[in-house]
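Chemist: Need coordinates for the below:
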Amino acid sequence: MTATSTGTIASFHLIRYADPGAMRYTAFDRPVLARTPGLVFRRLLGSGRGASMSLGADLRRWALLAVWRSERDLDAFLARSPVAARWRHQALERWQVRLAPLASRGSWGGIDPFGPLGAGRSGDADGGPVAVLTRASIRPSRLVAFYRSVPAVDALLREQDGCLASVGVGEWPLARQATFSLWRDAAAVRDFAYRDGAHRRVIGRTRDEGWYSEELFARFAPYGSEGTWDGTDPLGPLGPLGRADPLGPAAGPPP
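Modeler: Next comes the predicted model:
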């Protein structure tokens, strides 16, 4: 799926390595990303085994969520960064998507990295695919209740009509978790969020019982998807790729 965007954009990258020891790359990548021109917000994220936030970790699969000052900065990162070069050389599988922010509420580390970007654009994705990011810092006293609710939400996501793909990711084991999901359209997102009784009950409990010390919900118009996620591009059926591999020739030997 391809398109173009102007102004600030976000991107999500899902990388699978052969070696469970790939978690060591998070230490190497943080200072590199901190020096990347045009990268205004980034989070390196571990991956769960479920469709949503979960206890099980997949030590071979890692994610990067990034916000860029411009599309040109993202292109430069993919072409020249040693992080992207390693993805090309060492990843068994990689998938990425460019994201135009539509709407956001809440905060991540005390800021909302998307909110001002989506002003006035909340209806842009009504006729096309939608990406959703939900992220929460879970209060220690609510961890047991939270993780008891996860299997039911996981099952709902897997069975939900209109959900193209979903993965649980997180910064810290257990307490700082997120879900990144892709949907056929905005109507499918609304149907999942508000019409299913089990999901609505979980949402109600998070509010009534104060499960989260911080949370963020963001919605995007995805475009420019590349690569595969569990063997396929979940956005592929919605349009041809039609782009050269943005990772391009390696900028040198991988670190």
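
Chemist: in whatever helix or strand Gly168 lives in, what's buried?
Modeler: Element membership for Gly168, per DSSP states H and E: strand 163-172. For strand 163-172, a neighbour-count test (16 or more other CB atoms under 10 Å) marks 163-171 as buried. C-beta here means a position set from N, CA and C on the backbone, and glycine is covered the same way.

Chemist: Determine which two of the residues you listed are furthest apart.
Modeler: Of all pairs drawn from the buried residues of strand 163-172, the greatest distance, 24.5 Å, lies between Leu164 and Glu171 (CB to CB).

Chemist: My reading is that Gln189 lies in a helix. Confirm?
Modeler: To be clear, residue 189 is Val; Gln isn't right here. Yes - looking at Val189 with DSSP: H, G, I helix; E, B strand; the rest coil, it is inside a helix.

Chemist: mind checking how far it is from Phe28?
Modeler: Going from Val189 to Phe28 by CB to CB, to the nearest Å gives 36 Å.

Chemist: So for these two, which residue has more residues nearby?
Modeler: Val189 (20 against 13; other CB atoms under 10 Å).

Chemist: That one contacts Phe220, correct?
Modeler: No - taking CB atoms under 8 Å as the definition, Val189 is not a contact partner of Phe220, at 11.1 Å.

Chemist: so what sits against both of these two?
Modeler: Taking CB atoms under 8 Å, 6 or more residues apart in numbering as the criterion, Val189 and Phe220 both touch 130, 132.

Chemist: Next secondary structure after the lowest-mean-pLDDT helix or strand in the chain?
Modeler: Using mean pLDDT, DSSP states H and E, helix 197-208 stands out as the lowest-scoring helix or strand of the chain, at a mean of 66. Sequence-wise, the next helix or strand downstream of helix 197-208 (DSSP H and E) is strand 212-227.

Chemist: List the pairing partners of that next one within its sheet, with orientation.
Modeler: Sheet partners assigned to strand 212-227 using DSSP bridges are listed as strand 91-106 (antiparallel), strand 130-138 (antiparallel).
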